[in-house]
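*Asks:* Sharing a model that was predicted from the sequence below.
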Amino acid sequence: MDNQFLLSLIVGICVGGAAGFLGSLMLGRRMALVAGPLGHLTLPGIALALMYGFDVSLGAFPFVIFGIVLIWLFEMRTKLPMEALTAVVFASGVAIAFLLLPIKQAEAVLVGDITKVSFVEAAVSVILILLLFFVVKKIYSKIVLINISEELAKSEKIDIRKYNLIYLGSIAIIVALGVKMVGGLLTAALVAIPASAARNLSRNLAQYAFGAMIIGGLSSSLGILTFKLTGFPAGPLIILASTLIFLISLIFKR
Amino acid sequence: MGNELILKVRNLNVRLDHQSIIENLSFEVKKGEVLTILGPNGAGKSVLLKTLIGLLPYKGEIEWAKELKIGYVPQRLPFIKDIPLNIRDFFSLKGSPERETEAILNSVGFKQDFSRKKIGDLSSGQFQRILIAWGLVGKPQVLLFDEPTTGVDISAEETIYNLLAGLKEERDLTILLVTHDLSVVYKFSTDVICLNRQPICYGPPQEVLTPESLQKLYGGEVKYYQHKH
């Protein structure tokens, strides 16, 4: 096993696992869809990163933050449905990306590529993921209660703004790291599919949260291994691996 | 605030989305009382409860006794079934240790190991009892209930009110209860507020629930209510 492959595998498992874990929170309030427009919005950032040769996640991050602010504005200030946001953001993200980028180079933008991840990139990603994991674990039960009912959470003296901010920040980080792995088009799947599969299989919160994490990590490793064997791009293979697990979960649905 | 006074409300006004929901409401609650808030749909009953626990902006005075623990039981939790939670998980969200959870579940009539049951698998009557139990976590002195029998069949409704009456004695609770059900008011309350945006009556139910005040509260619906109970 060569070092490059090992690095990709480690980053893949970490990002996939954390995305699954966070995704289990996002499924609750239909937030999983939000990762979609956020991912699309990163496309111009990834395009810029590829053109000027800096890290893809670094390029994606400011665009994700912009997207989070957009969502916040949409949610707080208007009564427009989330589908409207998806349509607006999706279309403009893709449009700007293709203005910037020659179509030939578009593959990494659309479907990601972690098979060339450097040691430094991998180290930074893993450290970020570990931090993210502890933060999400810390806010997990509060966000679950907020997802169930904001009023109930408020009556328990939970500072909803604070927790939502940390939560959205965590989503921003996972999307920025996720686009490197599966590209701007598939980030929603990265958070939604492992959590959906875990929901089918679990009877309590711990099984659900850690199940989503394990399925996320497992899908990544399966996807990257299949890439090694077949040479197809790893990003779509990761998503398809999680889809396969989801389909299997339907058989064992509890 | 007086020795036994738990809550004092003076000239409460609540406006939401430029619409007046509650106007000039004043009342008091003493320790050990059961105050029911009676009124038709859309009268501002739930809004009142939410305002009392600080969820909504208001004008006027709301003064709770110092160092009071308040338990709030909402009307519905529509999103709870989106998440695979068992009862124990739901209680741990409120920081209830396992042993306390088991003790509380026991006191609302659930057997041991019921806590491993998935919330999504409960009947609506069971779920209401779980909500009441959830309100009891942390030993509150005051409980606020928003229509505790919404969507529950009549026999289960009976169980829930008997349960509430029992818990009140057992735990020395003061209860504020939103309902549109007259029989509950007569059976349980020491005081009643008739609310239809403006306060229509306030006092012990035997004294203030006259045909006139009910007519004013429910309009044409009043006959139906009287026949029913």
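*Replies:* Looks like it came in fine.
*Asks:* make it CA atoms for all contacts and neighbour counts henceforth
*Replies:* OK.
*Asks:* near chain B, which residues of the stretch 1-150 of chain A?
*Replies:* A:L27, A:G28, A:R29, A:S141, A:K142, A:V144, A:L145, A:N147, A:I148, A:S149 (C-alpha under 8 Å from any C-alpha of the partner chain).
*Asks:* again, only this time at 10 Å
*Replies:* A:24-25, A:27-30, A:140-145, A:147-150 (C-alpha under 10 Å from any C-alpha of the partner chain).
*Asks:* Just the ones in helices from those residues, please.
*Replies:* Using DSSP state H, the subset of these located in helices is A:S24, A:L25, A:Y140, A:S141, A:K142, A:I143, A:V144, A:L145, A:N147, A:I148, A:E150.
*Asks:* Identify the bridge partners of B:C201.
*Replies:* Counting by DSSP bridges, B:C201 forms beta bridges with B:C194.
*Asks:* ok, now which ones touch it?
*Replies:* By C-alpha atoms under 10 Å, 6 or more residues apart in numbering or on different chains, B:C201 lies in contact with B:38, B:192-195, B:207-210, B:213-214, B:216-217.
*Asks:* and if we set it to 8 Å?
*Replies:* B:V192, B:I193, B:C194, B:L195, B:V208, B:L209, B:S213 (C-alpha atoms under 8 Å, 6 or more residues apart in numbering or on different chains).
*Asks:* Quickly note the distance from the residue nearest to the spatial centre of chain A to chain B.
*Replies:* The centre of chain A sits closest to A:V175, judged by C-alpha atoms, centre = their mean, with a distance of 4.2 Å. Per C-alpha to the nearest C-alpha, to the nearest Å, A:V175 is found 22 Å from chain B.
*Asks:* So which bits of chain B are right by chain A?
*Replies:* B:53-55, B:72, B:74, B:77-80, B:82-86, B:89, B:93-94, B:118.
*Asks:* For chain B, what is the nearest residue in the stretch 51-200 of chain A?
*Replies:* Of all residues in the stretch 51-200 of chain A, the one sitting closest to chain B is A:I148 (5.0 Å; C-alpha to the nearest C-alpha).
*Asks:* in what helix or strand does A:L222 lie?
*Replies:* helix A:205-230 (DSSP states H and E).
*Asks:* Distance-wise, check the most centrally placed residue in chain B relative to A:L177.
*Replies:* Chain B has B:F145 as the residue nearest its centroid, 1.6 Å off, counting by C-alpha atoms, centre = their mean. Using C-alpha to C-alpha, to the nearest Å, B:F145 is found at 45 Å from A:L177.
*Asks:* can you check B:T51 too?
*Replies:* Distance from B:T51 to A:L177, by C-alpha to C-alpha: 42 Å.
*Asks:* Could you do B:K30 as well?
*Replies:* Taking C-alpha to C-alpha, one finds B:K30 at 57 Å from A:L177.
*Asks:* quick one: the helices in chain B?
*Replies:* Here chain B has its helices, by DSSP H, at B:45-52, B:87-92, B:98-107, B:124-135, B:154-171, B:182-188, B:205-208, B:211-218, B:222-228.
*Asks:* which of these has the lowest average pLDDT?
*Replies:* Of all the helices of chain B, the minimum mean pLDDT falls on helix B:222-228 (a mean of 44).
*Asks:* rewinding a little: which of the ones in helices among the residues of the stretch 1-150 of chain A next to chain B ranks first by neighbour count?
*Replies:* Counting neighbours by other C-alpha atoms under 10 Å in any protein chain shown, A:S24 comes out on top of these with 32 neighbours.
*Asks:* Excluding chain neighbours, what is closest to that one?
*Replies:* Setting aside the residues directly before and after it, A:S24 is nearest to A:A195 in space (C-alpha to C-alpha, 6 or more residues apart in numbering or on different chains), at 4.7 Å.
*Asks:* Double-check that neighbour against A:A18; I have them as touching.
*Replies:* No: using C-alpha atoms under 8 Å, A:A195 is not in contact with A:A18; the gap is 11.0 Å.
*Asks:* At which residues are the helices of the stretch 101-250 of chain A located?
*Replies:* A:106-111, A:119-148, A:150-155, A:160-182, A:187-201, A:205-230, A:234-251 (DSSP state H, counting those that start in this stretch).
*Asks:* May I see these arranged in JSON lines, with distance to A:F61 and mean pLDDT as well?
*Replies:* As requested, those are exported to JSON lines (distance: least, C-alpha to C-alpha, whole Å; pLDDT from 0 to 100):
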{"stretch": "helix A:106-111", "distance to A:F61": "14", "mean pLDDT": "74"}
{"stretch": "helix A:119-148", "distance to A:F61": "13", "mean pLDDT": "94"}
{"stretch": "helix A:150-155", "distance to A:F61": "28", "mean pLDDT": "89"}
{"stretch": "helix A:160-182", "distance to A:F61": "5", "mean pLDDT": "89"}
{"stretch": "helix A:187-201", "distance to A:F61": "13", "mean pLDDT": "93"}
{"stretch": "helix A:205-230", "distance to A:F61": "21", "mean pLDDT": "95"}
{"stretch": "helix A:234-251", "distance to A:F61": "19", "mean pLDDT": "95"}
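*Asks:* For A:L70, find the nearest of those helices.
*Replies:* Distance to A:L70, taken as C-alpha to C-alpha, is lowest for helix A:160-182 among these, at 11.6 Å.
*Asks:* buried ones in that closest one?
*Replies:* Across helix A:160-182, burial judged by 16 or more other C-alpha atoms under 10 Å in any protein chain shown covers A:160, A:163-164, A:166-182.
*Asks:* Next, the angle from it to helix A:234-251.
*Replies:* 120 degrees (axes from the mean of the first three to the mean of the last three C-alpha atoms, to 10 degrees).
*Asks:* list the helices and strands helix A:160-182 packs on?
*Replies:* If you count contacts as 3 or more C-alpha pairs under 8 Å, 6 or more residues apart in numbering or on different chains; DSSP states H and E, helix A:160-182 packs onto helix A:3-26, helix A:35-41, helix A:56-77, helix A:106-111, helix A:119-148, helix A:150-155, helix A:187-201, helix A:234-251.
*Asks:* B:A165 is nearest to which of the ones you listed?
*Replies:* So among the helices and strands packed on helix A:160-182, helix A:150-155 is nearest, using C-alpha to C-alpha, at 23.5 Å.
*Asks:* ok so, going back, which residues do A:A195 and A:A18 both contact?
*Replies:* Common neighbours of A:A195 and A:A18 (C-alpha under 8 Å, 6+ apart) are A:M213.
*Asks:* if you count what's nearby, which of these two comes out ahead?
*Replies:* Legend: neighbour count by other C-alpha under 10 Å for A:A195 and A:A18, higher for A:A195 (34 against 28).
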